[in-house]
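**Q** Provided below are the primary sequence and the corresponding predicted coordinates.
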Amino acid sequence: MWPYPEVRTIADVTRYNARQFPDKPALVFENNSLSMAELDALTSRFANGLIAAGVKPGERVVFYGSNSDDFLIALLGAAKAAVAFVPLNWRLAEAELEVVIRDAAPSLAIVNQDLAPAWESVNKRLPKALGTQFVVPGDAVSNPFRQWLAGQSGEDPMLPCPLDDVAWILYTSGTTGTPKGVELLHSGITMMRLCEHYEPAYTWSQSDTFLFVAPNFHLLGIGLTIQAFFNGATIAVIRAFDPGLVLAEIEGKRPTILAVAPVMIQMLLAQPDYMDRDFSSIREVVYAGSAISLGLIKQALEVMPCRFMQFYGSTESGGAITLLRPEQHDLSDEHRLTSCGKPLPLVDILVMDPSGNELPDGERGEMWIRTPAIARGYRNKPEAWAEVYDKGWFKTGDIAYRDAEGFLYIVDRATDMIITGGENVYCSEVENCLSLHAAVQRVAVIGVPSERWGEEVKACVVLKAGFEECADELIAYARQHLAAYKCPKSVEFYGELPLGGTGKVLKRQLREPFWVSNSRSV
């Protein structure tokens with residue numbers, strides 16, 4: 001089925017592109033540009049550097065830093081050394097980062113120089129300090145990472161890389177707040193590309209330029225970047241999302257494809273001069289990662305004269321599960337705009353009741369999926385994987401229904417996850433933190449609407465006797481222990497929380513007053 005027999009693993013992608021169009025730009029980052037042939041040679045140097053450093057096939061290398069051309073050199077080069085690549089969330093607090101590092105147990109770290117203080121603080125607390133190569137993004141001359149690469153052989157090591165080897169480990173918090181490393185295989189990543197290849201809505205080619213702006217530790221960032229690269233497209237890299245910078249890069253680099261979270265669309269359209277900006281180079285915007293309001297998608301469709309495509313997926317699924325295709329973005333059908341679309345080719349979806357029985361159209365239940373791109377599991381957590389994976393079917397935890405035409409609509413989440421600005425926040429993690437504050441008797445965390453972030457975190461608190469309302473103090477306390485995006489933006493105080501028969505907080509009752517006039521899509 002796969003039309004490119006030369007491309008079996010991620011390592012083969014740079015080899016193939018270097019043979020097909022060696023002089024074509026592969027990566028453009030700030031003032032730097034690399035051709036397909038140059039990128040192929042640098043990824044070989046990276047692989048040989050790992051081998052020289054004693055990193056063995058099947059071991060792990062972590063990258064702790066922002067988007068850059070160096071990041072993609074490392075991601076693609078790790079595959080040539082048959083090493084699993086682990087991009088780290090550079091927004092994590094040190095304590096959170098340490099938990100992930102200990103679980104990943106890497107053999108080497110690639111770290112942005114501006115993150116050196118946090119990295120060195122964590123590294124010295126590990127059982128054995130990791131060897132580290134520092135990166136100064138954008139500085140092709142004095143960048144220590146490039147100097148290290150220059151000392152390595154540019155000849156492809158051509159190590160065998162079985163399809164069932166782990167290619168990437170992406171960390172996502174679980175419902176208990178414990179980070180889980182999703183192990184994605186070379187075969188799954190390739191099969192995800194096959195699903196996209198058979199999908200008529202994907203019309204990407206070597207004539208495209210893809211703007212890599214989503215965070216590099218998210219599948220939205222690296223998954224679609226790899227899809228673009230599989231099709232021979234040029235990748236224009238932006239260090240981190242800044243709406244003014246993105247608008248300037250759109251006009252300067254002239255990308256044809258933009259992949260963003262809805263909050264990024266909102267921030268772009270909130271810029272005072274957005275109506276004067278030239279979006280004419282963009283032919284397609286792909287959006288995913290969080291809920292999008294009907295008002296925002298309508299505004300975007302009116303302002304940006306291009307195709308829009310929504311995808312719904314998860315890290316565990318290896319990429320997109322459903323698409324709301326460009327022709328289905330119809331301003332005259334507002335209800336359809338709240339759908340997450342229909343499955344990609346080779347993907348099966350069931351809507352199931354709690355007993356594992358398939359539900360008919362129109363009835364709400366948990367969405368189960370079967371995809372050839374499914375992850376191998378959670379690193380070091382087989383029990384957690386067994387809870388969500390059963391005989392080829394992955395239980396997404398999302399509550400949805402299918403209409404008579406086959407369109408799927410997600411109406412709620414079976415878990416308490418909040419998606420704020422494209423970031424996943426699990427309520428239990430925030431609740432556990434706030435529960436340690438001396439004033440808190442009971443706390444429930446919910447997601448409430450936010451024009452800027454899609455959703456934002458709200459803490460619903462019952463105080464202990466003798467304590468007065470202290471919202472600012474609780475927010476400051478959370479910021480000491482959690483990444484900023486996980487912290488409550490507001491605190492509501494209650495005499496008591498609504499409880500069910502088993503003593504569980506009825507969060508739906510807490511959320512309803514805030515969501516009653518809002519719709520939720522993906």
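**A** The structure has been received and is ready for your questions.

**Q** and the residue with the largest distance to the centre of the chain, what are its phi and psi?
**A** In the chain, counting by CA atoms, centre = their mean, Gly466 sits farthest out from the average C-alpha position, at 43.2 Å. Torsion angles at Gly466 (phi, psi; degrees, to the nearest 10) stand at phi 90, psi -10.

**Q** and if you look at Arg479?
**A** phi -70, psi -20.

**Q** Return the residues in contact with it.
**A** By CB atoms under 8 Å, 6 or more residues apart in numbering, Arg479 lies in contact with Cys487. All C-beta atoms are positioned from the backbone trio N, CA, C, and that covers glycine.

**Q** Against Gly421, how distant is it?
**A** 16 Å (CB to CB, to the nearest Å).

**Q** do Arg442 as well
**A** For Arg442, the distance to Gly421 - CB to CB - is 27 Å.

**Q** So the closest residue to Trp204 other than its chain neighbours versus Gln20, what's the distance?
**A** Closest residue in space to Trp204, ignoring its immediate chain neighbours: Asn231 at 4.4 Å, by CB to CB, 6 or more residues apart in numbering. Asn231 is 11 Å from Gln20, where distance means CB to CB.

**Q** cool, and Val461?
**A** 59 Å.

**Q** neighbour-wise, which of these two wins?
**A** More neighbours surround Val461 than the other of Val461 and Gln20, with 27 against 12 (other CB atoms under 10 Å).

**Q** just checking, the residue nearest to Trp204 touches Thr203?
**A** No: Asn231 sits out of contact with Thr203 when judged by CB atoms under 8 Å, with a separation of 9.3 Å.

**Q** Just want to know which of these two has more residues nearby.
**A** More neighbours surround Asn231 than the other of Asn231 and Thr203, with 20 against 13 (other CB under 10 Å).

**Q** Please tell me how far that one sits from Ile282.
**A** As judged by CB to CB, Asn231 and Ile282 stand 17 Å apart.

**Q** same thing with Ser435?
**A** 46 Å.

**Q** between these two, who's got more neighbours?
**A** Set side by side, Ser435 and Ile282 give different neighbour counts by other CB under 10 Å, the larger being at Ile282 (19 against 13).

**Q** State the pLDDT value of the more buried one.
**A** According to the prediction, Ile282 has pLDDT 95.

**Q** One more: Val122?
**A** Predicted confidence (pLDDT) for Val122: 97.

**Q** Is it part of a helix or strand, or is it coil?
**A** Judged by DSSP: H, G, I helix; E, B strand; the rest coil, the three-state class of Val122 is helix.

**Q** correct me, but it touches Glu98?
**A** Yes: here Val122 reaches Glu98: they are 4.9 Å apart, a contact under CB under 8 Å.

**Q** who has more neighbours, these two?
**A** More neighbours sit around Val122 than around the other of Val122 and Glu98, counting by other CB under 10 Å; the figures are 23 against 16.

**Q** could you list every residue that touches the more buried one?
**A** Applying CB under 8 Å, 6+ apart, one finds that Val122 lies in contact with 94, 97-98, 101.

**Q** Would you tell me which one of those residues comes nearest to Ala214?
**A** Taking CB to CB as the measure, Ala214 lies nearest Leu97 of those, at 20.2 Å.

**Q** residue contacts, the closest one?
**A** Applying CB under 8 Å, 6+ apart to Leu97 gives the contacts 64, 88-89, 118, 122.

**Q** Mind doing that once more with 10 Å?
**A** By CB atoms under 10 Å, 6 or more residues apart in numbering, the contact set of Leu97 is 62, 64, 88-91, 115, 118-119, 121-123, 171, 179, 483.

**Q** ok, now Gly151?
**A** Residues in contact with Gly151, defined by CB under 10 Å, 6+ apart, are 45, 48-49, 52.

**Q** between Arg442 and Gly421, which one's more packed in?
**A** Of the pair Arg442 and Gly421, Gly421 is the one with more neighbours under other CB under 10 Å, namely 21 against 17.

**Q** Settle this for me: that one is touching Val263, isn't it.
**A** Yes: in terms of CB atoms under 10 Å, Gly421 counts as a neighbour of Val263; the distance is 4.5 Å.

**Q** partners of Leu324 in the sheet?
**A** Partner residues in beta bridges with Leu324: Gln310, with DSSP bridges as the criterion.

**Q** Okay, and Ile195 sits in which element?
**A** Check again: residue 195 is Cys, not Ile. Under the criterion of DSSP states H and E, Cys195 resides in helix 186-197.

**Q** scratch that, Ile222 is what I was asking about
**A** Here Ile222, judged by DSSP H and E, is contained in helix 219-230.

**Q** next one: Gln271
**A** Under the criterion DSSP H and E, no helix or strand holds Gln271.

**Q** so who does it touch?
**A** Counted by CB under 10 Å, 6+ apart, Gln271 has contacts 243-244, 246-247, 277.

**Q** now Leu463, nearest residue through space, not along the chain?
**A** Spatial nearest neighbour of Leu463, chain neighbours left out: Ala439 (5.5 Å); criterion: CB to CB, 6+ apart.

**Q** Then Trp168?
**A** Nearest to Trp168 is Leu184, by CB to CB, 6+ apart, at 4.6 Å.

**Q** Make sure that neighbour is actually in contact with Ile374.
**A** Yes: with contact defined as CB under 10 Å, Leu184 and Ile374 form a contacting pair (9.1 Å).

**Q** what helices or strands is the top helix by length along the chain leaning on?
**A** The helix spanning the most residues in the chain, taking DSSP state H as the definition, is helix 36-52. Applying 3 or more CB pairs under 10 Å, 6 or more residues apart in numbering; DSSP states H and E, we find helix 36-52 packed against helix 10-20, strand 25-29, strand 32-35, helix 69-80, strand 108-112, strand 131-135, helix 144-150.

**Q** pLDDT of it, averaged?
**A** Mean predicted confidence for helix 36-52 is 98.

**Q** where does Thr203 land in three-state SS?
**A** Taking three-state DSSP as the rule, one finds Thr203 in the coil state.

**Q** tell me the helices in the stretch 351-500 of the chain, going along the chain?
**A** Counting by DSSP state H, counting those that start in this stretch, the stretch 351-500 of the chain has helices at residues 382-388, 427-434, 471-481.

**Q** Most tightly packed of the ones you listed?
**A** Taking mean count of other CB atoms under 10 Å as the contact definition, the stretch among the helices of the stretch 351-500 of the chain with the greatest mean neighbour count is helix 427-434, which reaches a mean of 22.

**Q** And that helix, how far out from the chain middle?
**A** Mean-position distance between helix 427-434 and its chain equals 22 Å (CA atoms, centre = their mean, to the nearest Å).

**Q** Next, the angle helix 471-481 makes with that helix.
**A** 110 degrees (axes from the mean of the first three to the mean of the last three CA atoms, to 10 degrees).

**Q** before we move on, the earlier item: out of the contacts of Gly151, which are buried?
**A** For these, a neighbour count by 16 or more other CB atoms under 10 Å gives the buried set as 45, 48-49.

**Q** Can you add distance to Lys395 and give those residues back as CSV?
**A** Converted to CSV, the buried ones among the contacts of Gly151 look like this (distance: CB to CB, whole Å):
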residue, distance to Lys395
Arg45, 42
Asn48, 42
Gly49, 41
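
**Q** for these, which one is nearest Pro160?
**A** Set against Pro160, the nearest of the buried ones among the contacts of Gly151 by CB to CB is Asn48 (15.7 Å).
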